[in-house]
Structure formats: C-alpha cells, structure tokens
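Visitor: what's the 3D shape of this:
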Amino acid sequence: MTPRLKAFRAALLAFGALTSPLVAQPPKADAEASVDRSAERPMNMVFVLVDDLRFDAMGFLTPGLKTPNIDYLAKNGAYFPNAVVTSSLCSPSRATILTGMTARNHGVIDNNGSSEQGLVFFPRYLQQAGYQTGFFGKWHMGNDTDAPRSGFDRWVSFKGQGTYLSTDQLSPAQIAAGKRQTLNVDGTRVDRRGYITDELTDYAMDWLEHGRDPSRPFFLYLSHKAVHSDTVPAERHKAQYADLRITLPASMADTKDNNRGKPIWVRNQRNSWHGADFPYHTDASLTETIRSYYRTLSAVDDSLGRVLGYLRRNHLEKNTMVVFYSDNGFLFGEHGLIDKRNAYEPSVRVPMLVWAPGHVPKGEIVASTVRNLDLAPTFLDVAHVSRPSQMEGTSFLSLVEGKEPAAAWHPGDFVYEYFWEWSFPQTPTTFAITRDRVKYIQYQGVWDTEELYDLAHDPEEMHNLIDDPAWLDRKIALRKALFAQLADRRGSHSVPFTEKTSSGLVLRDQNGVHAADFPAEWYVKPNLPGKMNGLFPDSKPKLEADRAGRLYHPPRD
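Guide: The predicted structure follows:
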C-alpha cells in the first residue's frame, strides 16, 4: 500500500460526523452485515456521473476541499484509487459506460456527432428485469439531439454540453423577451428555471419521490454537466475557497528537464486551447480556474447529499448501491497541459466510490484496476442479469463485495484509445497499454516519439524510457500486445474519423512559445550506413548495429 493510501485509510478512521448547512445531512454510518443477494429483492442503483472530475478532486484526498457527502461514500463504502477510462473524452467514454464496449467497437469516437445506430444501452436490460429507469442530465452523444433514448422510463436531458444557467448563451434581447435554455422532459421541450446541477437534482428527486412505482426496483442515472469548463459555481458557492492554496504541478514548468523525452505535440500543446500557457485561448489564471472548478463541484456534493438523505428517510439505504464516477480525468497543468484526451495518468484516472451498506465493506480500498468498460456488466450483475455477449467488460461486484480477493481479479491489460478530432487538433490519435505498472504509448499519424513509463517508480511520468536499452524487451512486448488488443470485433485495425467542417481551434498566443524542435538524436549526418534501420523491428542486434553505425538487416526465416 502506498503512503498516500495509508494516509487515506487513517483519514477514514479519523472522520467524524460530516454535515453541511447547505446540504442534506449524510446518513449515519450503517452496520455491516453479510447478505445473501440471491434471496432478496433486486437492489436499487444510483449512478452519479460527474463531467471532467479528476481522480483526486475529493475532500479526503485534497486538503481544504469540502466534499462531505462524497467523503461519506468513501468512509462508508469502497474507494477505487486505480479506476480508469478506456477513452478519456465525453462522448466515447459515456458510450462505453452505457454499452460495455470499447470505442473501436461502439463507434462513438469523438464529440462531433458519432452515430448511436445499433447500440444497446444497458438500462434496456434492466427494464426487462423489472427495473424502472430514469436518466437526468448530460447525454452528449448522437447528432446533437436530446430526444429520449431507449432504455429509460423517465428522461430529462439537454443538447450537447448544455449550460450552467438558464440564460447562458442568450442575448439580452432574448432574455428580456423571456427566452430560456430548455430541457427535454420525456420528449417535451420545457424552459429551464435555475442552476443546472440543482435543477437536474430537482427532477431526479421528484422522480424518486413521486414518479416511480415504489414496488419495483429502480435505476437512477444522474449525469451532471458539472464540472465541465467553463465552470460556473452556484451563487451560494461563489465566494468559496478564496483562500484555498492551489499548488500547481512541478511538471508544468517549461524547462529542459521537464521537456526531456516528451513528444513534440506535448510541447506544442502548452500554447494552445488545451495548454497551460493559453488555456481556452485566454490569459486566465490557472489557479483561479481550479478554484472555480472546486466551487462548481460543491453543488454536485450538495446533490449527492439530497439523494443520500432520501434513501435514509425512506429506509432504502440497505438495499441500494450508489456508484460515484467521472466520464474522464483532467489535467491541472501537468506537462504544461490542461483538459484530458491524452494517455497521461491525470487524464485516464477517475474518481470512483461504491456505497452499498451491508454489501460493500466500509472504508475499503480496492486497489485493483477497474475500467468504465466494467460498469455496465456490474450494474447488470447487481440486477441478476447475465452479461450480454457484446459487452467487453467484467463485473466487479464480487470484488467490491469482498467475495473475490483482489488477486483473483484479472481484467487484463489496460488498453487506451483516443481518436484525433479535427475540432481540437492539439492531441493526436493515441494508443496506450499498461501492464504491471508499465505504460507504453504510441501515436498514429504524427512524426513523433513514443513513450514508456515505469509508473511504480515514476508515477508523474517524467522519465521516458522508450530508448533505454534496459527496457527494450518490455517495449517490444507491449507494442505487440497493444496492436493485438486494438483489433476490433471484426479483427481489423482501422482508425475511424468524422467529417471535418472547419479548421478547428488552432490558435496560439502570439507572445507564447513557438513550435518545438525534434529530438536532438534525430538530427544526423547524410548517407549513414544505417539510414534504413528504422524500418525494421526493434531487437537487440538492431540496437547494436545502431550504436555502431552499421547497416542492419533482420535475419531471414
């Protein structure tokens, strides 16, 4: 167990009663009991999905951050420090959550209108098993439509990213005329009235309290817009964290040491829409941006408190599972970057908490790697529904209940895929594989270096080992494994893309850094004997030829 996890466990033991004057008081700690699920009524489920919430943006991990209800789940449930997403982008990740399939198979590959045709979302199976299902919030898939989707008995959503306030993106004249942003409520256009996090929670609570059949189990999918940029805190939180100390990552500095071994695209991205030097094409302070992000999270915590309070008041807490998750991670300046999309740890790691009194041990730390790919099979497992054949993930229910030891959990390699978007061209198509805490990253369609990191000794991903002779065998093995596992269900290796309609967000700060140079070792003299060596597979004999400046040919079969 790492020192950070030891500190977390100690913090859990030290937690007292958590309350907030602005939220429902969290339920009291529940007694643990051994329960035979096969003989009980199917468990209710609440899935809370936050947008762009990084893995450590929770009070029990970040000093000074006030998230009492999120922290309550950690103290009284299970915390997954190694939860990850197979694609760190809104639409692809959400499609993976809903289908239990990877992006290369479900086909929702970016945020630009990928089709949902032919996809089956797991709530349909829950309906067939007798569940009532409700969706409230950000869908963000399909061709910018908020129409009700199959699998949900209650539907409240909005187009695209949505807005925090009902008057956002409207002109003064439109506002004066009474125009407001809208929600799609079961196919009917309804004017919005307030702050989006509170409003979605109001609809969800109304469904729990008045809109469902209490004799049937329920599945509530509460999908927040928060904390997606540009963040707007609720009015009650706007003065929060004024004195909170924000420490930016050391890797953010544009220094020779930090840049050593990093791809060209990483160094170029820092002066772009998704860069720490020119964030969203503004001169905004990153520390203030982070404070606003945390303030916006507070309403999500309030929302969670309302849901937990309802479960407690109605004696449902011992037959309900709550899962708290994020669609992707987020960078706070690491390597000079913000946003997500890439394969670095703050991008692919997400917060994950599971609370189910009497089923999930209290204060448990589940260090196993769990993916968004595994959520749908788990929700079906909770409902006693067999995993459909098209789903690629694995239920972690026995793992989180403590019925399966961590050593028996074998999700396999963690394979990551992100497909280049013309709208945000800063990040190339990215493929990565992590095995035994070693991560290999390659890029498609760009003239750039690969990356290899020993996460056990270099968790900040500062030392690229891609050209280290000691890691040659590991590099070769991971390359082969990555290619093999990136085959889609038809066995093909294709890179999908959607229609390009403009140049995308390509601007750079005129006073910022200019384009990065290629690695120094790529600059060589003309006519070298080994000038063609780069075409042949890496091996120890080839490495020796490169070092000696000799021509290399692989042995014939």
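Visitor: for the top helix by length along the chain, packing partners?
Guide: Longest among the helix segments of the chain by residue count, using DSSP state H, is helix 286-313. The elements that helix 286-313 packs onto, with contact taken as 3 or more Cβ pairs under 8 Å, 6 or more residues apart in numbering; DSSP states H and E, are strand 44-50, helix 68-76, helix 196-206, strand 218-223, strand 320-326. Where you see a C-beta, it was placed from the backbone N, CA and C, and this is true even at glycine.
Visitor: residues of that helix that come out buried?
Guide: 286, 289-312 (16 or more other Cβ atoms under 10 Å).
Visitor: check stretch 219-239 too.
Guide: 219-229, 231-234, 237.
Visitor: quick one: the closest residue in space to residue 509 that isn't next to it in sequence from residue 289, how far?
Guide: In space, and not counting its chain neighbours, residue 509 is closest to residue 278: 4.3 Å by Cβ to Cβ, 6 or more residues apart in numbering. The gap separating residue 278 from residue 289 is 13 Å, by Cβ to Cβ, to the nearest Å.
Visitor: cool, and residue 354?
Guide: On the measure of Cβ to Cβ, residue 354 and residue 289 end up 30 Å apart.
Visitor: now the helices for the stretch 51-200 of the chain?
Guide: Using DSSP state H, counting those that start in this stretch, the helices of the stretch 51-200 of the chain run over 68-76, 90-99, 103-106, 123-128, 172-176, 196-206.
Visitor: which stretch among those helices comes nearest residue 540?
Guide: When the helices of the stretch 51-200 of the chain are compared by Cβ to Cβ, helix 103-106 sits nearest residue 540, at 32.5 Å.
Visitor: in CSV, could you pull the C-alpha coordinates for the closest one?
Guide: Coordinates of each C-alpha in helix 103-106 appear next as CSV, following Å, rounded to 0.1, in the frame of the first residue of the first chain:
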residue,chain,number,x,y,z
ALA,A,103,-14.8,3.0,-28.7
ARG,A,104,-13.4,0.9,-31.6
ASN,A,105,-16.5,-1.3,-31.3
HIS,A,106,-19.3,1.0,-30.3
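Visitor: low-confidence stretches in the stretch 1-150 of the chain?
Guide: For the stretch 1-150 of the chain, the stretches with pLDDT under 70 are 1-40, 143.
Visitor: quick one: the strands in it, in order.
Guide: Secondary structure of the stretch 1-150 of the chain by DSSP state E, counting those that start in this stretch: the strands cover 44-50, 78-79, 83-84, 132-138.
Visitor: among the ones you listed, which comes closest to residue 267?
Guide: strand 83-84 (25.2 Å).
Visitor: who are the packing partners of that closest one?
Guide: Looks like strand 83-84 contacts strand 370-371 (3+ Cβ pairs under 8 Å, 6+ apart).
Visitor: which residues touch stretch 168-186?
Guide: In this structure, residues lying in contact with stretch 168-186 by Cβ atoms under 8 Å, 6 or more residues apart in numbering are 146-148, 154-159, 162-163, 165-167, 189-193, 199, 203, 232.
Visitor: let me redo that: stretch 378-386
Guide: 37-38, 42-43, 45, 47, 122, 125-126, 128-129, 131, 217, 219, 321, 387-388, 393, 395-397.
Visitor: how about a cut-off of 7 Å?
Guide: Contact partners of stretch 378-386, identified using Cβ atoms under 7 Å, 6 or more residues apart in numbering, comprise 42-43, 45, 122, 125-126, 129, 131, 321, 387, 395-397.
Visitor: go on, stretch 89-101?
Guide: With Cβ under 7 Å, 6+ apart as the criterion, stretch 89-101 contacts 51, 85-87, 102-103, 106, 108-111, 114, 119-122, 140-141, 327-328, 340-341, 372-373, 375-377, 390-393, 418.
Visitor: please pick the buried ones from the residues you listed.
Guide: Buried, going by 16+ other Cβ under 10 Å: 51, 85-87, 102-103, 106, 108-111, 114, 119-122, 140-141, 327-328, 340-341, 372-373, 375-377, 391-393, 418, out of the contacts of stretch 89-101.
Visitor: rebuild the helices of the stretch 51-200 of the chain as TSV, extending it with distance to residue 516.
Guide: Formatted as TSV, the helices of the stretch 51-200 of the chain follow (distance: least, Cβ to Cβ, whole Å):
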stretch	distance to residue 516
helix 68-76	39
helix 90-99	28
helix 103-106	28
helix 123-128	46
helix 172-176	43
helix 196-206	39
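Visitor: residue 512: which of these is closest?
Guide: helix 90-99 (27.0 Å).
Visitor: angle of that closest one against strand 218-223?
Guide: Helix 90-99 runs at 170 degrees relative to strand 218-223, counting by axes from the mean of the first three to the mean of the last three Cα atoms, to 10 degrees.
Visitor: between helix 90-99 and strand 44-50, how many degrees?
Guide: Going by the same axes, to 10 degrees, helix 90-99 makes 170 degrees with strand 44-50.
Visitor: now helix 90-99 against strand 320-326, angle please.
Guide: Using the same axes, to 10 degrees: helix 90-99 against strand 320-326 is 160 degrees.
Visitor: so how far is helix 90-99 from its chain's centroid?
Guide: 10 Å (Cα atoms, centre = their mean, to the nearest Å).
Visitor: same check, this time on stretch 477-491
Guide: 22 Å.
Visitor: can you list contacts of that stretch?
Guide: Contacts of stretch 477-491 (Cβ under 7 Å, 6+ apart): 104-105, 413, 415, 417, 431, 433, 435, 440, 442, 493.
Visitor: mind listing what's buried in it?
Guide: Neighbour-count burial for stretch 477-491 [16+ other Cβ under 10 Å]: 478-479, 481-482, 486.
Visitor: just to revisit the earlier point, any chance of the helices and strands packed on helix 286-313 in CSV, plus distance to residue 282?
Guide: CSV is the format used below for those (distance: least, Cβ to Cβ, whole Å):
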stretch, distance to residue 282
strand 44-50, 24
helix 68-76, 29
helix 196-206, 22
strand 218-223, 27
strand 320-326, 24
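Visitor: so for residue 459, which of those sits nearest?
Guide: Judging these by Cβ to Cβ, what sits closest to residue 459 is strand 320-326, at 19.4 Å.
Visitor: show me what that closest one is in contact with.
Guide: Contacts for strand 320-326 (Cβ under 7 Å, 6+ apart): 43-50, 52-53, 70, 73, 311, 350-356, 359, 382.
Visitor: need the next SSE after it, C-terminal direction.
Guide: strand 331-332 (DSSP states H and E).
Visitor: which neighbours does that following strand have in its sheet, and in what orientation?
Guide: strand 338-339 (antiparallel) (DSSP bridges).
Visitor: what sits up against the partner strand?
Guide: Contacts for strand 338-339 (Cβ under 7 Å, 6+ apart): 274-276, 279, 330-331.
Visitor: mind redoing it with 8 Å?
Guide: 274-276, 279, 286, 330-332, 347.
Visitor: which one is the residue nearest the centre of the chain nearest to, not counting chain neighbours?
Guide: The residue lying closest to the centre of the chain (Cα atoms, centre = their mean) is residue 328, at 1.6 Å. Excluding the flanking residues, the one nearest residue 328 by Cβ to Cβ, 6+ apart is residue 88, at 4.0 Å.
Visitor: quick one: that neighbour and residue 340 touch, right?
Guide: Yes - here residue 88 reaches residue 340: they are 4.3 Å apart, a contact under Cβ atoms under 8 Å.
Visitor: between these two, what contacts are shared?
Guide: By Cβ under 8 Å, 6+ apart, the residues touching both residue 88 and residue 340 are 328-329, 347.
Visitor: and of those, the nearest to residue 368?
Guide: residue 329 (17.9 Å).
Visitor: and the gap between that closest one and residue 88?
Guide: According to Cβ to Cβ, residue 329 and residue 88 sit 6 Å apart.
Visitor: which one of these two has more residues nearby?
Guide: In this view residue 329 and residue 88 are compared by other Cβ atoms under 10 Å, and residue 88 has more residues nearby, 32 against 27.
Visitor: great, nothing more from me.
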